[in-house]
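Enquirer: My questions concern the predicted model and sequence given below.
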Amino acid sequence: MKQILSFAAMAILLAGCAQTEDEKAAASLAKIDSLYAKGKYSEALDSITSLRAHYPAAINARKHALKVWQDASLKMAQADVAATDMLLQQTIQELENATSLLQRNMLAYKRDSLQARYEAMCGVVRMIHMRQKQDK
């Protein structure tokens, strides 16, 4: 009987000393925050994917990582919108100055592709904003 009580007490002590999943994920979460702060959004997203795979039960860490995921995705999408808009404006200007029919057709094709990408990325930004509002 004494042995059973000793074993039970030891098991309770060991269980109390064990790290939770959130505590184990803290180092990964700190790395994710650091990458985000440095503007390394793609690497932060890769680290979040890794965190999800290695610590599926770390609920609080995953909640924080989701917010960082949304913020990093938003920053990347906004940068893509800005770059696409700049290329689109440049292409429209080139199209107005084009002299040959072939050049006009090629630039019109490029303009249409950039316009489609611009609209799609704006949609991505709107969706991320909508999800962030839902999560608040």
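Expert: Received it, and whenever you're ready, just let me know what you need. Numbering: from 1, shown residues only.
Enquirer: in what helix or strand does residue 105 lie?
Expert: Assigned by DSSP states H and E, residue 105 belongs to helix 101-135.
Enquirer: Give me the distance from that helix to the chain's centre.
Expert: 19 Å (CA atoms, centre = their mean, to the nearest Å).
Enquirer: elements contacting it?
Expert: With contacts defined as 3 or more CB pairs under 8 Å, 6 or more residues apart in numbering; DSSP states H and E, helix 101-135 has these neighbours: helix 59-97. For every residue, glycine as well, the C-beta is placed using N, CA and C.
Enquirer: From residue 65, how far off is the nearest residue to residue 57 once chain neighbours are set aside?
Expert: Nearest in space to residue 57, with sequence neighbours left out and distances taken as CB to CB, 6 or more residues apart in numbering, is residue 21 at 4.2 Å. Distance, residue 21 to residue 65, using CB to CB, to the nearest Å: 13 Å.
Enquirer: Give me the three-state assignment for residue 99.
Expert: Following DSSP: H, G, I helix; E, B strand; the rest coil, residue 99 is assigned to coil.
Enquirer: Check whether residue 70 really touches residue 130, as I assumed.
Expert: No - Residue 70 lies out of contact with residue 130 (CB atoms under 8 Å); the separation is 10.5 Å.
Enquirer: Can you pick out the residue with more neighbours from the two?
Expert: Using other CB atoms under 10 Å as the criterion, residue 70 and residue 130 rank with residue 70 on top: 15 against 10.
Enquirer: For the more buried one, which residues are in contact?
Expert: 128, 131-132, 135 (CB atoms under 8 Å, 6 or more residues apart in numbering).
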